[in-house]
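Chemist: When you get a sec, could you give me coordinates for this:
(chains A, B and C)
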Amino acid sequence: MPELPEVETTRRGLAPHVEGRRITGVVLRRPDLRWPIPREVAELLPGQRIEQVRRRAKYLLLDTQAGSALLHLGMSGSLRVLPAATPVKAHDHVDIELDDGSRRVLRFTDPRRFGCLLWQPPGATHELLRDLGPEPLSDAFGGDYLFALSRGRKAPVKTFLMDQKIVVGVGNIYAAEALFEAGISPLRAAGKVSRDRYALLAAAVKRILAYAIERGGTTLRDYINPDGQPGYFELELSAYGRGGEPCPRCGRALKQAAIGQRATVWCPHCQK
DNA sequence: AGTGCCACCTGTGGGC
DNA sequence: TGCCCACAGGTGGCAC
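Modeler: Residues are numbered from 1 along each chain as shown, chains lettered A, B, ... in the order given. Predicted coordinates:
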């Protein structure tokens, strides 16, 4: 899936095509995503105008006066704006039809169905958004913040960094990249990383996420942005997916192992 | 409270 | 060519 840069790239690609448009209909072909799509989506969205497309963590929100559609792309989800006549393919679960004079639809596709489409009433905050940590690119996130929250934690720093209650948006790819850049072993207990090194890690997270957004996200297998274009960050990944290859810094073999059930790549020589 | 592990589901790529 | 297995960008929920 999409980590934060891919979701943000999706948001940016979508916004100009859907903001200000009125929804003329909602087609639910396969409502059994991670959770059932609630009835409000089909009952309240038609007739509404999409005022704004927002992102919080890896969630997207389509705001209307009646409430907000809350989307998560899971591991394999994508959103695209297409001509209404575009043939429907397998795993095209939802169409949100737009009246913009050119008959287009916002189509939600998700082969694995780990994603979701939920509903947030006006003024409410959905339960799933309630306990999320700060946005990594905001001033609320930084080295001192990580240092403070990590004291006493025995879990590996990589697991800690990927915990959305600590900070949102950092998934398996960017956690590996940020730890590589900061020179921190992903296996190190979160509570044993110094304040100075957390400053390096936070800076690496910010730099890498911002750069990945700028480059249109990372493409692995099937990620595409709403315009149907792949991201371009993959060729620039230093660690993720490069187990056994030479470390870009020291040339020794990168190691690969599972940490918290997720494949992790790092350089045992450069990352301590 | 923190941690580790499983589950959800489909597609793909590698090894045989 | 075909079969089988391992693995994939996430994260809620559970047992300890």
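
Chemist: all strands of chain A, in order?
Modeler: Ranges of strands within chain A are A:22-28, A:52-56, A:59-64, A:67-72, A:78-83, A:92-99, A:104-109, A:116-120, A:255-259, A:262-266, based on DSSP state E.

Chemist: which outside residues touch the second one?
Modeler: The reference is to strand A:52-56. A:7-8, A:11, A:14-15, A:18-19, A:60-63, A:68, A:129, A:132, A:135, A:168 (C-beta atoms under 8 Å, 6 or more residues apart in numbering). Quick note: C-beta positions are derived from backbone N, CA and C, even for glycine.

Chemist: distance of residue A:13 from DNA strand C?
Modeler: As judged by C-beta to the nearest atom of the strand, to the nearest Å, residue A:13 and DNA strand C stand 14 Å apart.

Chemist: on that earlier part again, ok, so of the contacts of strand A:52-56, who is nearest DNA strand B?
Modeler: Nearest to DNA strand B out of the contacts of strand A:52-56 is residue A:132 (C-beta to the nearest atom of the strand; 14.1 Å).

Chemist: Tell me how many other residues surround the closest one.
Modeler: 18 (other C-beta atoms under 10 Å).

Chemist: Which pLDDT value does the model give it?
Modeler: Note for residue A:132: predicted pLDDT of 98.

Chemist: go on, residue A:161?
Modeler: 98.

Chemist: May I ask you to confirm that it is in contact with residue A:177?
Modeler: No: Residue A:161 lies out of contact with residue A:177 (C-beta atoms under 8 Å); the separation is 10.9 Å.

Chemist: which residues of the stretch 151-272 of chain A fall in helices?
Modeler: Here the stretch 151-272 of chain A has its helices, by DSSP state H, counting those that start in this stretch, at A:157-161, A:172-182, A:195-214.

Chemist: want to throw the strands of chain A into CSV with distance to residue A:198?
Modeler: CSV is the format used below for the strands of chain A (distance: least, C-beta to C-beta, whole Å):
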stretch, distance to residue A:198
strand A:22-28, 44
strand A:52-56, 24
strand A:59-64, 26
strand A:67-72, 28
strand A:78-83, 34
strand A:92-99, 40
strand A:104-109, 37
strand A:116-120, 32
strand A:255-259, 18
strand A:262-266, 17
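
Chemist: Dump the ones you listed into JSON lines; add mean neighbour count and distance to DNA strand B as well.
Modeler: Compiled in JSON lines, the strands of chain A are given as follows (neighbours: other C-beta atoms under 10 Å; distance: least, C-beta to the nearest atom of the strand, whole Å):
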{"stretch": "strand A:22-28", "mean neighbour count": "17", "distance to DNA strand B": "16"}
{"stretch": "strand A:52-56", "mean neighbour count": "17", "distance to DNA strand B": "21"}
{"stretch": "strand A:59-64", "mean neighbour count": "21", "distance to DNA strand B": "16"}
{"stretch": "strand A:67-72", "mean neighbour count": "24", "distance to DNA strand B": "12"}
{"stretch": "strand A:78-83", "mean neighbour count": "20", "distance to DNA strand B": "13"}
{"stretch": "strand A:92-99", "mean neighbour count": "21", "distance to DNA strand B": "11"}
{"stretch": "strand A:104-109", "mean neighbour count": "23", "distance to DNA strand B": "11"}
{"stretch": "strand A:116-120", "mean neighbour count": "22", "distance to DNA strand B": "11"}
{"stretch": "strand A:255-259", "mean neighbour count": "15", "distance to DNA strand B": "9"}
{"stretch": "strand A:262-266", "mean neighbour count": "20", "distance to DNA strand B": "9"}
